[in-house]
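> sequence first, then the predicted structure, then my questions.
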Amino acid sequence: MPPRLLALAVLALACQPPKPGDDADPPDPSTSSDPTTPVEQTTPPTTPPTDTVPVDVDIGDVTDLRLCETGGVVYLLASNGSDVYVDRTDDFGASWLPAPGRATHGGGGPVYSPQLACEGDVVVVAWEDERDGSLGNHQIYANRSDDGGATFLGQDLLLEDDPDGLTMSLAPAVALAGGVAHVAWADNDAGAYDILVASSGAGGASWSAPVRLDSDGPGQAYSARPQIATSRDGTHVWVAWEDARDGASDIRFTASHDQGRTFRTDRRMDDDAPGAADSFEPRLCTDGGERVSVVWHDRRNGEADVYASLSDSAGDDFLSTDLRLDSDPPGEGTSLFPDCAMDGATVHVVWEDRRVPDGAFDAYHRTLTGGLYGDETRLNAGVALGAANAQQAAVAVDGGTVLAAWADARAADEGTGWADVYGAFADRGAGFGGEVLLSDAYAEGASYKAELQVVAASGWWLAAWIDGRGGGNEVLVRQGLLP
């Protein structure tokens, strides 16, 4: 039988969350904890499994799934909407913890949008939590493990000064590098949503009071859906978000070069007239040094197109103009939800794209290197253009080998639209091989797939998703050697 990935580790802990400001000084890298020692790894299996491995979760229907990779170690977060659990594999899925760590101790109240960051043995989890007050508002809580996800602090940490739940906080994003952790989120304390960030020089054990990143007036305009990334050593911290201060939503970006102690004035990334057309769903990716890329989808031309910009100066300067990646006529098809990964100076971008009127979405890949385009590739080339949905596109890269994965409905049962998970591999994106069915342990098209995630490192890849094949929502994984 496959190894048990997640088992209940029930901890009944009554606690009162501390208020933010207990670590009110900005994180000092000279006093930061150093979690960078890699988790000891066993030798990965020489023969990858031939089918997907069902996850024995035992926590009810899984609502959220996240992966994080650090030094070849993969952490898996799973939530049932009430609690959040973290498991770990040191050998790309051959074995997992005897029992996962339970990251939440709020008494089983609703939790939403849990996010995960990892570095060595340190894991930081943040989420929206409804435990405070009677209004049903969400607050941002966090917890951390310093033993590879086996145990977490016995008390969840409230990151904002709202213990009575009087305001709404949404969409946390988490980063961890150089021993310093950061959580960004959207908060409506001052009116319309602003972007806040809290930092921890103690690797998530205590937190500074949050600071606001959007440079218009507090609560003046909608700012939401932040994304956060860091350089490998934690020196540079980057945040991007949607911002409607000028009318329609634009993409805004800011950078810190001192581990999050200070941030530069935010800048607009989309190059059309300010507020003229909606730009949504920013994503950040980095080479781990000073190169960073921002990708998003943008309606300036009519239907949504996918745009990107690149910086090789840690976010101080970007390309002179943003670049459209989808190659059909501007604004004609609908290109949505890009994901990206960087390999040196090259950014790999995948997205879903409907180019046939009233047709299905296809999955695409394209590269940018220093502002120069690579070839655009339709990933689901085994079916006719627009014949079956190929969505939830995700990408990972290791040592120049690229994995693109997507949920593909080509074999869906009549009227269900249920998908299978497919993948394709390429050497630095210079031509993908044939598609590979990754979710092959069950009848094709017979169950839905959600929350598709992929990672690649140490010559291995691992994909995970929520799957409906068992009559509920369970987590499945597939892993193997990169070609």
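Yes, it's here.

> show me what the helix or strand that contains A424 packs onto, helices and strands only.
Using DSSP states H and E, the element containing A424 is strand 420-427. On a contact count with 3 or more CB pairs under 8 Å, 6 or more residues apart in numbering; DSSP states H and E, strand 420-427 meets strand 401-408, strand 436-437, strand 449-457, strand 460-467. Where you see a C-beta, it was placed from the backbone N, CA and C, and this is true even at glycine.

> tell me which of these is the most buried.
Of those, the one with the most neighbours on average (mean count of other CB atoms under 10 Å) is strand 401-408, at a mean of 27.

> for the strand holding A424, which outside residues touch it?
The contact list for strand 420-427, computed with CB atoms under 8 Å, 6 or more residues apart in numbering, reads 52, 365, 377, 379-380, 390, 400-411, 432-440, 444-445, 449, 452, 454, 463, 465, 478, 482-483.

> centre of the chain to that strand, how far?
Its chain's average C-alpha position is 19 Å from that of strand 420-427, according to CA atoms, centre = their mean, to the nearest Å.

> would you turn the helices and strands packed on strand 420-427 into a markdown table with mean pLDDT and distance to L65?
Converted to a markdown table, the helices and strands packed on strand 420-427 look like this (pLDDT from 0 to 100; distance: least, CB to CB, whole Å):
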| stretch | mean pLDDT | distance to L65 |
| --- | --- | --- |
| strand 401-408 | 96 | 13 |
| strand 436-437 | 93 | 20 |
| strand 449-457 | 96 | 4 |
| strand 460-467 | 94 | 5 |
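
> nearest to S113, of those?
Ranking the helices and strands packed on strand 420-427 by proximity to S113 (CB to CB) places strand 449-457 first, at 11.6 Å.

> and the closest one, what does it pack against?
By 3+ CB pairs under 8 Å, 6+ apart, strand 449-457 packs against strand 64-70, strand 390-398, strand 401-408, strand 420-427, strand 460-467.

> and those as JSON lines, adding distance to C340?
Shown next, in JSON lines, are these (distance: least, CB to CB, whole Å):
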{"stretch": "strand 64-70", "distance to C340": "16"}
{"stretch": "strand 390-398", "distance to C340": "7"}
{"stretch": "strand 401-408", "distance to C340": "11"}
{"stretch": "strand 420-427", "distance to C340": "15"}
{"stretch": "strand 460-467", "distance to C340": "17"}
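
> what's the spacing between the helix or strand that contains H297 and its chain's center?
Per DSSP H and E: H297 is located in strand 292-298. Counting by CA atoms, centre = their mean, strand 292-298 is centred 14 Å from the centre of its parent chain.

> and stretch 312-328, by the same measure?
On CA atoms, centre = their mean, the centre of stretch 312-328 falls 21 Å from the chain's centre.

> ends of it, what's the gap?
End-to-end span of stretch 312-328 (CA to CA, to the nearest Å): 28 Å.

> stretch 67-76 now?
End-to-end distance for stretch 67-76, by CA to CA: 5 Å.

> next one: stretch 286-298
End-to-end distance (CA to CA), stretch 286-298: 21 Å.

> how about stretch 79-92?
Note: stretch 79-92 ends 21 Å apart using CA to CA.

> what are the buried residues along that stretch?
Within stretch 79-92, the residues that qualify as buried by neighbour count (16 or more other CB atoms under 10 Å) are 79-81, 83-92.

> in a markdown table: those, plus pLDDT.
Shown next, in a markdown table, are these (pLDDT from 0 to 100):
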| residue | pLDDT |
| --- | --- |
| S79 | 94 |
| N80 | 92 |
| G81 | 93 |
| D83 | 93 |
| V84 | 95 |
| Y85 | 94 |
| V86 | 95 |
| D87 | 93 |
| R88 | 94 |
| T89 | 93 |
| D90 | 93 |
| D91 | 90 |
| F92 | 90 |
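
> which pair in those spans the largest distance?
Spatially, the most separated pair among the buried residues of stretch 79-92 is G81 and D91, at 30.0 Å (CB to CB).

> so G468 sits against Y442, correct?
No. Judged on CB atoms under 8 Å, G468 makes no contact with Y442 at a distance of 10.1 Å.

> circling back to that earlier point, neighbouring strands - and their directions - for the strand holding H297?
Using DSSP bridges, strand 292-298 pairs in its sheet with strand 279-286 (antiparallel), strand 305-311 (antiparallel).

> can you give me the buried ones in stretch 373-389?
For stretch 373-389, the neighbour count (16+ other CB under 10 Å) marks G374, T377, R378, L379, N380, G382, V383, G386, A388, N389 as buried.

> same question but for stretch 267-280, I mixed them up
So stretch 267-280, judged by 16+ other CB under 10 Å, has buried residues R268, M269, D270, D271, D272, G275, A277, D278, S279, F280.

> for the fourth one, which non-adjacent residue is closest in space?
For D271, the nearest residue in space outside its immediate sequence neighbours is D322; the separation is 4.9 Å by CB to CB, 6 or more residues apart in numbering.

> how much space between the one you found and G459?
34 Å (CB to CB, to the nearest Å).

> so the two - more neighbours on which side?
D322 (23 against 14; other CB atoms under 10 Å).

> residues in contact with that one?
By CB under 8 Å, 6+ apart, the neighbours of D322 are M269, D270, D271, Y307, A308, S309.

> what sits against the closest residue in space to the fifth one that isn't next to it in sequence?
What that stands for is A308. In space, and not counting its chain neighbours, A308 is closest to V295: 4.5 Å by CB to CB, 6+ apart. For V295, the contacting residues are P282, R283, C285, V306, Y307, A308, L325, P338, D339, C340, V347, V349, by CB under 8 Å, 6+ apart.
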